[in-house]
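Chemist: Make a model of this:
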Amino acid sequence: MKHTLLSAAGLALLYSSLALARPGPVPAPAAARIAAPMDVAYPGEIRMKVDASDTERRIVHVHESITGLRSEGVLLYPEWLPGDHSPDGPIERLAGLKITAGGASVTWTRDTVEMYAFHVHAAGTGALEVDFDYLSPTSSEVGGTELGRDMLMLEWSSLVLYPAGYFTRQIPVSLELTLPQGWQFGTALESESSAANRTAFKRTTVETLVDSPLYAGRYASRVDLDPGAAVPVHMDLFADRPDLLTVKPEQVEAHRALVKQAYKLFASHHYAHYDFLYSLSDELRMVGLEHHQSSEDGGVGTTFTEWDKQVYGRDLLPHEYTHSWNGKFRRPADLWTPNYNVPMRDTLLWVYEGQTEYWGWVLAARAAMQTKQQSLEQWADNAAYFETLPGSRWRPLQDTTNDPIVSKDHHLSWRSWQRLADYYPEGALVWLDVDTLIRERSHGKHSLDDFARAFFGIDDGSMTTVTYQFADVVNALNAVEPYDWSTFLRERLDAVDKPAPLGGITRGGYKLVFNDTPNEYAKTVDSDRKRTTLSYSIGLTIGEKNPAIIDVRWDSPAYKAKLTEGMEILAVNGTAYSSDVLKAAIQSAKDSSAPIELIVKQQDRFRVAHLDYHGGLRFPHLERDASVPARLDDILSPR
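Modeler: As a prediction, this is how the structure comes out:
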């Protein structure tokens, strides 16, 4: 027999042809789709028992009795959270899930695609008994504190599993809550009965439940913000210590003025009652989150007892209160979803959040929660940021509305270049631009107040959400003052490498200027956040206690000296670092050609950085332009 040996090249060719003949991989079969929500009555109900008394270990125990779930049903844990505009339901904190029916264990499996969905394998059962634990953060490394020694905040979106296939407004739910002994609570939910530390609430829907968080604490008080009104508004305070609950009469009056000014603006209300749930704590996480009949608000423990030091953040309550009209009652059509597991789209956040930011600042001034000068300094600080923002050279404002979904981690290395949620503060500048243009064109006869009343003030007393799209916003503006509002808005939303939208500042009768006098509003922000901001000179923001760099402005002198976030400044021109030493060096450099010399440390490495900057300290302010009517003054004046 004759044998023929293939050459190496022949073998390679053979194997290559065999490889080409072999079929490649194909996708695995798609997972079964979770039933889409339908707007029909759910055939059963959820009966919840929540035990939040284990505050030492910060564990919440949840029991649900769920009827009406069809065989092989699906339970959902809320993923897309209203107000967060993003898929950040804390499902990683759910543990110990156990399901039984008639005393027998029921098998469940997590969906392999939709991680917030649990398939329940129970054929023809009656009530499902569902138990799980919610493991609230026990340290700052895990997350912000929700359950503390003397107070807690409960968001029901973290504590409920609900049936797939239905609008949440169609799923009835009843709730019984156990709190630590002697604690008081505040919530928009209506109580049905109470005994000792246990409270039963009136039957509602999953939609209303999730929209009605609860604060509770050992030290609490309630302030009536609209005495004698048929529709009550209260501020429910919870503090670390009883002395922190002291609210002076003039502070109460400022918050009562907020309610009055909001009613003058919107000429309506969309709640049966309203509660500001307000934590005054150095332990609980600070929060600002809107709801239809309440808001989650948080300040430092000394918010009221050191009132003059807490100017920064006075717009928090006005902002969240405005959301009852803008965001909860009127909501972008693509942001409204039938349940909490249908993806949201955030394209109109520049209205939802941007205009709310605008009214939050305006109402804080109109209610005298801030002085006029403090408000002007706030506008100056905001205008300066966007006038010098390098990130607007490549990224439009409209694209930042995706940030709740894109930017899971809000700690960015180059924030001024990357941009983050600018639809809030730049959105406020856009709406100031709109307001002043309406006033200019109508010769003072109309303003954005008229838009707010016409757009958000419809259906007085109704709590049924009314959605809107871009065209609805444009049409409503045209009804107030005819103009090409579509082009006006799209130019400011979509363009890149454009001037900052400061038309509202100049048309409002002011000019943005810089000098070496600190902006008093910005100083309070720095004091609150324990930092020193030198963004408009050398381009640095530096921590106070640990002199580590918090932020470096892109293309600034600090950027060119190759400084980065996280570096520690040890010395300035040979002298041990302090913020005052650095400021003095910046001023001295005005009269010198020598660079400012910094010794910096990054991890275990040291180096000398040279800042070639000679412009002195620069802080933003608004300067009155007498040639233009003081429209901004009028905007900030009480009605």
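Chemist: Please make it C-alpha for all contacts and neighbour counts, starting now.
Modeler: OK.
Chemist: Flag the shaky bits of this structure, pLDDT-wise.
Modeler: Counting by pLDDT under 70, the chain has low-confidence residues at 1-21, 71, 123-125, 409.
Chemist: Mind telling me which residue is nearest the centre of it?
Modeler: Geometric centre of the chain, nearest residue: residue 84, 5.7 Å, by CA atoms, centre = their mean.
Chemist: how far does stretch 137-150 stretch from start to finish?
Modeler: 15 Å (CA to CA, to the nearest Å).
Chemist: correction: stretch 33-42
Modeler: Start-to-end, stretch 33-42 (CA to CA) is 20 Å.
Chemist: Need the residues that contact that stretch.
Modeler: 68, 74, 164-167, 170-172, 338-339 (CA atoms under 8 Å, 6 or more residues apart in numbering).
Chemist: ok so, going back, any idea how far residue 348 is from the residue nearest to the residue nearest to the centre of the chain when sequence neighbours are not counted?
Modeler: In this structure, residue 84 finds its nearest non-sequential neighbour in residue 404, 7.0 Å apart by CA to CA, 6 or more residues apart in numbering. Residue 404 is 13 Å from residue 348, where distance means CA to CA.
Chemist: Show me the domain layout of this structure.
Modeler: Domain ranges of the chain: 39-218, 330-513+625-636, 537-617, per automatic domain parsing.
Chemist: Would you mind giving those as a markdown table with distance to residue 266 added?
Modeler: Below are those laid out as a markdown table (distance: least, CA to CA, whole Å):
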| stretch | distance to residue 266 |
| --- | --- |
| domain 39-218 | 21 |
| domain 330-513+625-636 | 5 |
| domain 537-617 | 39 |
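Chemist: Which one of those domains lies nearest to residue 289?
Modeler: Smallest distance to residue 289 across the domains of the chain (CA to CA): 6.2 Å, for domain 39-218.
Chemist: What are the boundaries of the helices in the stretch 451-600 of the chain?
Modeler: Using DSSP state H, counting those that start in this stretch, the helices found in the stretch 451-600 of the chain span residues 470-480, 485-494, 503-507, 520-529, 557-560, 579-588.
Chemist: same check, this time on the stretch 251-400 of the chain
Modeler: Assigned by DSSP H, counting those that start in this stretch, the helices in the stretch 251-400 of the chain fall at 316-322, 349-352, 354-366, 372-387.
Chemist: Let's have those in CSV, adding distance to residue 258 and mean neighbour count.
Modeler: What follows is the helices of the stretch 251-400 of the chain, written out as CSV (distance: least, CA to CA, whole Å; neighbours: other CA atoms under 10 Å):
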stretch, distance to residue 258, mean neighbour count
helix 316-322, 7, 26
helix 349-352, 20, 24
helix 354-366, 7, 27
helix 372-387, 15, 20
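Chemist: which outside residues touch stretch 485-503?
Modeler: With CA under 8 Å, 6+ apart, stretch 485-503 has contacts from 383, 386-387, 392-399, 426, 429-430, 432-433, 471, 474, 477-478.
Chemist: Pull out the buried residues from that stretch.
Modeler: 485, 489, 492-493, 495, 500-503 (16 or more other CA atoms under 10 Å).
Chemist: what distance separates the start and the end of it?
Modeler: Using CA to CA, the two ends of stretch 485-503 sit 15 Å apart.
Chemist: All set, thanks.
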